[in-house]
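Q: Below are the sequence and a predicted model; questions follow.
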Amino acid sequence: MSQLERRSIPFAADEAKFSTQRFVTYVILIIFATAVSNVLLGTDQAERSTIIQTVINFTTFAVGFWLGTSKSSADKEVTAARILESAVPKITPQPKGD
């Protein structure tokens with residue numbers, strides 16, 4: 001690919017940012033899964049109950065976050081529609097005089 005061809009393709013900053021976030025998320029999930037499996041395979045009941053409670057808390061947080069962002073997104077769309085509706089003037093057709 002020549003220099004001219006590479007310059008004609010726009011750089012997607014969002015894609016680069018999300019790929020970094022995706023990588024960090026996967027690393028954190030792998031570390032957490034490793035720690036959870038290590039504790040669950042062990043024999044200490046106190047550690048087991050603590051890690052199970054942590055998993056329950058994280059799951060509750062994730063579901064709450066997902067539902068909360070869905071709700072706030074829906075509320076944002078309703079608010080934007082109301083603002084747009086009030087900002088656009090209503091045009092009533094004028095009767096034509098012959």
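A: Sure thing, it's come through.

Q: just for the protein, where's the confidence low?
A: Scanning the chain for pLDDT under 70 picks out the ranges 1-14, 16-17, 90, 97-98.

Q: How is it divided into domains?
A: Residue ranges for the domains of the chain, per automatic domain parsing: 1-41, 45-84.

Q: Determine which of these approaches Ile91 most closely.
A: domain 45-84 (14.9 Å; C-beta to C-beta). C-beta: built from backbone N, CA, C; applies to glycine.

Q: gap between the closest one and the chain center?
A: 10 Å (C-alpha atoms, centre = their mean, to the nearest Å).

Q: Repeat that for stretch 24-35.
A: Worked out by C-alpha atoms, centre = their mean, stretch 24-35 lies 18 Å from the chain centre.

Q: Stretch 28-46 now?
A: Using C-alpha atoms, centre = their mean, the offset of stretch 28-46 from its chain centre is 26 Å.

Q: rewinding a little: in TSV, list the domains of the chain along with mean neighbour count.
A: Below are those laid out as TSV (neighbours: other C-beta atoms under 10 Å):
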stretch	mean neighbour count
domain 1-41	10
domain 45-84	11
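
Q: Turn those into TSV, including distance to Gln94.
A: Listed next are the domains of the chain as TSV, based on distance: least, C-beta to C-beta, whole Å:
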stretch	distance to Gln94
domain 1-41	46
domain 45-84	24
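
Q: ok, now which ones touch Phe61?
A: Counting by C-beta atoms under 8 Å, 6 or more residues apart in numbering, Phe61 makes contact with nothing.

Q: any idea how far Gly68 is from it?
A: Using C-beta to C-beta, to the nearest Å, one gets 10 Å for the distance from Phe61 to Gly68.
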